[in-house]
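Visitor: Give me the fold of what follows.
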Amino acid sequence: MTTCLRRASLAAALALASGAGVLLAQPVIHLETGGKEWVSARTPVEVVVASPPTAEDGRLAFLLVSPDGSSSLDVTDLFRPTERGFVYRPELAPLPPGEHDVAVYLVTPAGQWGEFTRVHLKVLRAGGFETATVVPRLDVTAEGRITGSGTQTSLSPAVTRDKLNAQLDLQGSFVRNGWTLAPRVNVIGASLQNEAIRFGQLGNAAPQVDLSQYAIGVTHGGFSLQLGSVIYGTERHLLFGFVSRGVQVKAPLGGGVDVSLVAMNGSPIVGWDNPTGLQQEGHRIFAGTLGVELLPNRPGGLRIEAIYVDGSQKPFSGFNQGAIVDAQKSQGAGLHLLASTASNRIRVDGGWTVSRFENPSDPLLSQGRTLVPVEPERRQAHYVDVFLDLLQRQTKAGAPMNVSLILRHSRVDPQYRTVGSFFQADREEDGAEANLFLGSVAAHAIYTLGEDNLDRIPSILTTKTRRAAANAAAPLSQLFASGGIPRAWLPTLSYTVDRTHQFGTSVPENGEFTAAFVPDQVTTNQTAAVDWFLPRGRGGLRYGHAHQDNRQPGREAADFILNTYGASVGVNAARGLDVGVDAVREEADNLELGQQTRTMRYGMNLVWNLSPAVAMSALASRSFSDQNPRAREFELWNADAQIGWRFERRRNPHGWGGRVFLRYLLQSIDNRIFPLEPQARQHFWRVNGGLSLNLF
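Guide: Below is the predicted model of the structure:
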């Protein structure tokens, strides 16, 4: 089978050897690959030439040209003539891998070159892959103390010890016959034991060079298989975005039907051990989802997913969290609905689940005592979100006008739990959310109503929550633009308000409760800001007000008020030099105690790019707080300055680079509690040096 990839585009003749005026009949050239789109490096491909030029016309020459035309290689001597044309001799030099153009030239007896045509050649790489790429990256950072004195404070960073950290990341992609293999590996190393990624879990036994994550993915069309780090689940009350190590398979079944299956560890894990994530018996999650597109011509227009989850967890916490955990099991099933109109202006996302949850006996918690067993519970949960794009148009000036509304409802039964998702049970919530965009003006508002103790158990406190919040921003510079050019001196105004009222409906029975213990609290937060964005600088003013209003009997005076005032200015003082200053004052009033705590903070930051390779940054700040009546004073000085030199050497597509830096840190704390304690001072300063390398 002959594959003709490109023919000559000359209309009737090709004029070569200007001055000689030689006219040649149009040649017909194609590439013979044995019917294969991709050939191996040892394939003797043949360039078939019909109506070849005569010896008086000249000779043919062959060049391998890269797809972007940036490089070419004369391979004429590697072709030998045949009855039909010329055949490449791979025994002399294998074909270079990748995609190339074989450019065919006529070289006249006078030495002038003219291109006849080009044919495309695809050569497999080692292992028979059509494409094969591996992108490594190694980041190494070393930092150590040069000099310094003083005692490290409780607020200062851990910079007193020399350390070396490294991270190796490998990503690959290999394609063959429509199949894609995509591996990825990430390894992290730390010279300090307490910075090992599993130190919180294993303590001093944690490996200092450890596997952070890995994934091996295989895809072909709509089919995919992934081993290693996986993320699974779209049903928020059953299994939602759960990340761990395991095996996942997705496959289309045809007719708009698809299926996905997963088996994964019961908690997020890292490390060299347990590579599949499935080696801990009783600490696994198995799940499957069957999806049906009821409108195959409009994917997502009406989709239903049925999901089943069977999971169990032992009392293990994740590598990155410390917690008191308990053994648990759950089996659950659910339905997930996604629907939208053809215009996508109305969208619905809803789900219903049922879960059976149980707490197996845990000897670690019982400590040999006889405990009342926890009865398994079967409970339900559901939710629905409706998204409405009420207005989508433009003003006469071309500015967008968009108004959208979101309606939400959710209910989670009492004692509803599942091992694959985390939320508050025994709660029902309704809400509405509105968004408005009018040109450059944006506004957002939300209102929610929540309630717990859905079974109305008299001895349990029933709490209701009402929350209303809104924010808006208006850039005056664009609203009052002149001739389409913003007035830079006009500021952007923004305002945010958030009010939450949480209250108990009655005094629980038989719980030794009084009305004073039933919460009734209104919390209000407001923020107003004015910001300027100028060609050579920026500035802003901030005001914040927070009020915690307790209303339960006997606690009416237990209120708190916080007022915050802030200002900031930044200037591009010179090319590459940016200087900023800011100041914040806070006044916190405890109305019940008649006490006010005042805090003042001001600081300066500087970034100076001395050259493309050398940059300096500095940050200095002072915080001071006291109480009235006089009870405590606290003062903190902090400074952090560093200068760094970047270097880089690249040879496409790989190279290396790095940064050498010198860092100065200062921290001083004065703390005094009146009249009991004398003034306590802590002071330290350090000069550190470091080197970071990026090898890629």
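Visitor: What are the contacting residues of stretch 289-297?
Guide: 234, 255-261, 299-307 (Cβ atoms under 8 Å, 6 or more residues apart in numbering). Where C-beta positions appear, they are placed from N, C-alpha and C, glycine not excepted.
Visitor: quick one: low-confidence parts of the chain?
Guide: For the chain, the stretches with pLDDT under 70 are 1-27, 151-160, 316-326, 360-373, 652-653, 676-679.
Visitor: Show me it divided up by domain.
Guide: Split into domains by automatic domain parsing, the chain comes to 13-124, 137-174+559-696, 222-394+401-421, 440-547.
Visitor: Let me have those in a markdown table, adding mean neighbour count and distance to A196 as columns.
Guide: Converted to a markdown table, the domains of the chain look like this (neighbours: other Cβ atoms under 10 Å; distance: least, Cβ to Cβ, whole Å):
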| stretch | mean neighbour count | distance to A196 |
| --- | --- | --- |
| domain 13-124 | 16 | 41 |
| domain 137-174+559-696 | 15 | 10 |
| domain 222-394+401-421 | 17 | 10 |
| domain 440-547 | 15 | 40 |
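Visitor: Would you mind telling me which of those domains is nearest V209?
Guide: Distances from V209 to each of the domains of the chain were compared using Cβ to Cβ; the minimum, 8.1 Å, belongs to domain 137-174+559-696.
Visitor: Pull the distance from that closest one to the chain's centre.
Guide: From the chain centre to the centre of domain 137-174+559-696 is a distance of 25 Å (Cα atoms, centre = their mean, to the nearest Å).
Visitor: quick one: terminal-to-terminal distance for that domain?
Guide: 4 Å (Cα to Cα, to the nearest Å).
Visitor: ditto for stretch 338-351
Guide: Comparing the first residue of stretch 338-351 with its last one, the separation is 9 Å (Cα to Cα).
Visitor: contacting residues around it?
Guide: 235-238, 298, 300-305, 334-337, 382-389, 392.
Visitor: The residues you listed in strands, which ones?
Guide: Per DSSP state E, strands hold the following members of the contacts of stretch 338-351: 235, 302-305, 334-337, 382-389, 392.
Visitor: Surely R646 is in a strand?
Guide: Yes - when classified by DSSP: H, G, I helix; E, B strand; the rest coil, R646 is found to be part of a strand.
Visitor: Please give me every residue in contact with it.
Guide: 612-615, 657-659.
Visitor: Now, the residues you listed that are in strands?
Guide: When DSSP E is applied, those are split such that 614-615, 657-659 fall in strands.
Visitor: wait, which of these is closest to I29?
Guide: Relative to I29, and with distances defined as Cβ to Cβ, the nearest of the ones in strands among the contacts of R646 is G657, at 45.8 Å.
Visitor: Leaving out the residues flanking it, which one is nearest to the closest one?
Guide: Distance criterion Cβ to Cβ, 6 or more residues apart in numbering; nearest residue to G657, sequence neighbours excluded, is E648 at 3.5 Å.
Visitor: So that neighbour is in contact with W656, correct?
Guide: Yes - checked against Cβ atoms under 8 Å, the pair E648 and W656 is within contact range at 7.4 Å.
Visitor: Format the contacts of R646 as TSV; extra columns: distance to L695.
Guide: Putting the contacts of R646 into TSV (distance: Cβ to Cβ, whole Å) gives the following:
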residue	distance to L695
P612	21
A613	18
V614	22
A615	22
G657	8
G658	9
R659	13
